[in-house]
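Novice: Sequence below, structure please.
(chains A and B)
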Amino acid sequence: MTAYGVKKAIENLPQLRDRLSAVCDNYLNVQQDILESFVDRGQLHNLTQPTVLPSGKRIPGLKLDHPRQLALMHALVCFAHIAAGNTFTTAELYPYVLAALQMSADQYSLASLRYDLRKLRAKDLVEKLPKSRRYQLRPQGYSICLVFLKLFERVYSPLTAGLLQPYRADSKLHDHQRTQLDRLYQKIADDLDELLHAVGLKAA
Amino acid sequence: MNTFCEHHKDSIKFAYRCFDRILLNGLIQPFQQPERVIGFFNAYREGQRVTRNLLRDIAQQFQNWLKNRCQKWGVPIVDAPEGRRDDFVAPYFKHAKNDQVVVILKAREPARIMIAIGAEDRWHLQLAQRWIAQYNFYINDGNWGRMFVRVCPYLPFSARVCLNQHHWLANRMRSEGIDFKQCSNAFLKCSHPQKLQELADSLTTHDLSSCGQKWLACLTPFFKDSERKTCGCQHRLFFSQVEYCDNLIFHRRAALDQLGSDSWMLTAPSASPARSPPSSVASSPSTTRESFKPSSKTSIYPIPSFGLTTHTGPSNSTSAITCACAPSRLLMT
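Specialist: Below is the predicted model:
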């Protein structure tokens, strides 16, 4: 109690009550901060983990950069708006996935598509309609596919390219000569450098 | 209002804050100094020499008095169980009258007692830690409800008083005619939450001391009333462990479950091992409370330990979160 500035005699009851009440307030304020912020609670990790079905069958998890998976997600996001009740069969989806992968049917079979689709089903992103061979992309599946696609195509890939294999000539351009997108990506790269320096991970 | 309550106010039926368990140490301060003990015997006990035998006789007289009292009260003296004492004594409280001692638990517990070192005419007094048989009086007090008083039969008669403001509030609400439903250490329903908070805030030092002094005077027969008044031979009370809880009663259980899965487990700091959470840290009796147990003496961080207590009930029924802190537990054990 003395660490909270309150003496132990019971005559200090009012001060003790005020002090502990303030502590409760602080705690609840911190709780609310945590609830409001986007804190990782393991959902992304769960998506990447294998799913074990009740039958014991093990289905691999999702990967952030798997080309076949990303092509399937791309096709799903584009195909979902077709006015066929937002449902599809694997045969209907197949051509769109091939186009996204830029592969032929010999290189990527329908069975391979069904295998990849099973991973999304295991994570409840796609569901099979009962007594049917049709599937439906669930609302959260649509959101997750978009997140994965955007992260890869708009963030990971361009940033990785710019960091690992930048065009040398770009560094000689003045800011006003660069496109807005390039300036924005460069800003992220520069801010990352600053962050790494601050946390003690400066490149040797 | 804190941001948590502000954000969740539409889900919160009512909220209140109050003390929960209050553990007080009782010390007769003049008797903490051997020379003052000798002075007392010189002035009030005809100069009796304080020897080892005298100290032993004093303890024996307490035990004889206790046996007689128990026969008169019709109260059993029982060996303390190995498990939780709250559960063990609960049946004794059924049909208990106001201001009644319902059961006495006897247990060997450590205490600082006065010992006499020497022989014949030369004796030296000092305080020492010893394991001795102490008596825990479980009482149904007229104001405070269920409480216990632990008394050491050896000089200087150190004592401990355990009160719970929830029981006190229950009695106050009954006398005010306020309808409520109490569940372990929380009120899940209350017809007048604002009045409940006013009553909780109205607890004063006098409420604590009057209860403590009443029972300590009754249970330390060594002193006469005149001695208590004239030479300061009455216990002074100090906080030992205190729990203060913020109880949030939600409209729906589903809202509470979602909150629990999102935040509490990630964030509840606890410098004290075990005892349940949010409401009361430390040994709250709620069955659903996270665990908080009294911290060890080696705790050096003045970090409040928080517990989350969720009171379970049927789906979609009213549910409660209690957030409690007990910083004293970290520092004073």
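
Novice: does B:Cys231 really touch B:Pro30, like I thought?
Specialist: Yes. With contact defined as Cβ atoms under 8 Å, B:Cys231 reaches B:Pro30; the gap is 7.1 Å. C-beta here means a position set from N, CA and C on the backbone, and glycine is covered the same way.

Novice: Now for those two: what residues contact both?
Specialist: Counting by Cβ atoms under 8 Å, 6 or more residues apart in numbering or on different chains, the common neighbours of B:Cys231 and B:Pro30 are B:Phe40.

Novice: how many neighbours does residue 110 have?
Specialist: Unless you meant another one, I'm taking chain A. Using other Cβ atoms under 10 Å in any protein chain shown, A:Leu110 is surrounded by 14 other residues.

Novice: hmm, I had chain B in mind actually
Specialist: The number of residues packed near B:Pro110 is 11, by other Cβ under 10 Å.

Novice: which SS state does it fall under?
Specialist: strand (DSSP: H, G, I helix; E, B strand; the rest coil).

Novice: OK, contacts around it?
Specialist: B:Gln129, B:Arg130, B:Trp131, B:Ile132.

Novice: all helices for the chain, in order.
Specialist: Since you didn't name a chain, this refers to chain A. With helices called from DSSP state H, chain A shows them at A:13-36, A:43-48, A:67-79, A:90-101, A:110-122, A:139-150, A:157-164, A:180-198.

Novice: could you do chain B instead?
Specialist: B:3-7, B:34-44, B:52-73, B:85-89, B:165-176, B:193-201, B:205-219, B:225-230, B:253-259, B:265-267, B:327-332.

Novice: Highest mean neighbour count out of those helices?
Specialist: For the helices of chain B, the largest average neighbour count (mean count of other Cβ atoms under 10 Å in any protein chain shown) is found in helix B:327-332, namely a mean of 25.

Novice: about what we covered before: I'd like the helices of chain B as a markdown table, with distance to chain A and mean pLDDT appended.
Specialist: Output for these, formatted as a markdown table (distance: least, Cβ to the nearest Cβ, whole Å; pLDDT from 0 to 100):
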| stretch | distance to chain A | mean pLDDT |
| --- | --- | --- |
| helix B:3-7 | 4 | 82 |
| helix B:34-44 | 19 | 90 |
| helix B:52-73 | 25 | 93 |
| helix B:85-89 | 23 | 92 |
| helix B:165-176 | 10 | 96 |
| helix B:193-201 | 8 | 96 |
| helix B:205-219 | 5 | 95 |
| helix B:225-230 | 18 | 82 |
| helix B:253-259 | 8 | 61 |
| helix B:265-267 | 5 | 39 |
| helix B:327-332 | 4 | 26 |
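
Novice: got a winner among the contacts of B:Pro110 for most neighbours?
Specialist: B:Ile132 (15 neighbours).

Novice: Name the nearest residue to that residue, ignoring sequence neighbours.
Specialist: B:Ala111 (5.7 Å; Cβ to Cβ, 6 or more residues apart in numbering or on different chains).

Novice: Can you give me the neighbour number for the one you found?
Specialist: 23.

Novice: wait, isn't it in contact with B:Tyr154?
Specialist: Yes. Between B:Ala111 and B:Tyr154 there is a contact at 7.1 Å, judged by Cβ under 8 Å.

Novice: which neighbours do those two share?
Specialist: Joint contacts of B:Ala111 and B:Tyr154 (Cβ under 8 Å, 6+ apart) are B:Arg130, B:Ile132.

Novice: re earlier: quick one: which of the contacts of B:Pro110 is nearest to chain A?
Specialist: Comparing the contacts of B:Pro110 against chain A with Cβ to the nearest Cβ places B:Gln129 closest, at 19.4 Å.

Novice: what's near enough to touch that closest one?
Specialist: B:Pro110, B:Ala111, B:Arg112.

Novice: okay, now the residue of the stretch 151-300 of chain B found nearest chain A: neighbour count?
Specialist: Relative to chain A, the nearest point of the stretch 151-300 of chain B is B:Tyr244 (3.7 Å; Cβ to the nearest Cβ). Residues near B:Tyr244, counting by other Cβ under 10 Å, number 28.

Novice: Who's the closest spatial neighbour of it, skipping the chain neighbours?
Specialist: Closest to B:Tyr244 by Cβ to Cβ, 6+ apart is A:Leu20, at 3.7 Å.

Novice: burial of the one you found, as a residue count?
Specialist: Neighbour count for A:Leu20, taken as other Cβ under 10 Å: 26.

Novice: And B:Leu27, by the same measure?
Specialist: For B:Leu27, using other Cβ under 10 Å, the count is 16.

Novice: How about A:Val52?
Specialist: Around A:Val52 there are 11 residues (other Cβ under 10 Å).

Novice: rewinding a little: right, and the residue nearest to B:Tyr244 touches B:Phe239 too?
Specialist: No. In this structure A:Leu20 lies outside contact range of B:Phe239 using Cβ under 8 Å: 11.0 Å.

Novice: any weak-confidence spans in chain A?
Specialist: For chain A, the stretches with pLDDT under 70 are A:2, A:33-41, A:79-86, A:158, A:163, A:166-177, A:192, A:196, A:198-204.

Novice: For A:Leu151, which non-adjacent residue is closest in space?
Specialist: That would be A:Leu64: by Cβ to Cβ, 6+ apart, it lies 6.9 Å from A:Leu151.

Novice: just B:Pro30 next, same as before
Specialist: B:Arg36 is the one closest to B:Pro30 (Cβ to Cβ, 6+ apart), at 4.6 Å.

Novice: how close does B:Cys70 get to B:His251?
Specialist: Per Cβ to Cβ, to the nearest Å, B:Cys70 is found 49 Å from B:His251.

Novice: deepest of the helices of chain A, which one?
Specialist: helix A:67-79 (a mean of 20).

Novice: Quick one: residues in contact with it.
Specialist: A:62-63, A:88, A:92-93, A:96-97, A:99-101, A:108, A:112-113, A:116-117, A:119-120, A:126, A:137, A:141-142, A:145-146, A:148-149, A:152-153.

Novice: same thing but 6 Å
Specialist: A:Phe88, A:Leu93, A:Tyr96, A:Val97, A:Ala100, A:Leu101, A:Asp116, A:Leu137, A:Cys145, A:Phe148, A:Leu149, A:Phe152 (Cβ atoms under 6 Å, 6 or more residues apart in numbering or on different chains).

Novice: burial of the last one, as a residue count?
Specialist: Looking back up the chat, that one is A:Phe152. Counted with other Cβ under 10 Å, A:Phe152 comes out at 19.

Novice: got the contact list for it?
Specialist: A:Phe152 sits next to A:Asp65, A:Leu70 when contact means Cβ under 6 Å, 6+ apart.

Novice: Alongside chain B, which residues does chain A contribute?
Specialist: Residues of chain A lying close to chain B by Cβ under 6 Å from any Cβ of the partner chain are A:1, A:3-4, A:8-11, A:13, A:20, A:23-25, A:27-29, A:31-32, A:34-35.

Novice: how far away is B:Gln234 from A:Leu62?
Specialist: Look at B:Gln234 and A:Leu62: by Cβ to Cβ, they are 72 Å apart.

Novice: Kindly report the same for B:Cys70.
Specialist: Distance from B:Cys70 to A:Leu62, by Cβ to Cβ: 71 Å.

Novice: go on, B:Ile178?
Specialist: Distance from B:Ile178 to A:Leu62, by Cβ to Cβ: 56 Å.
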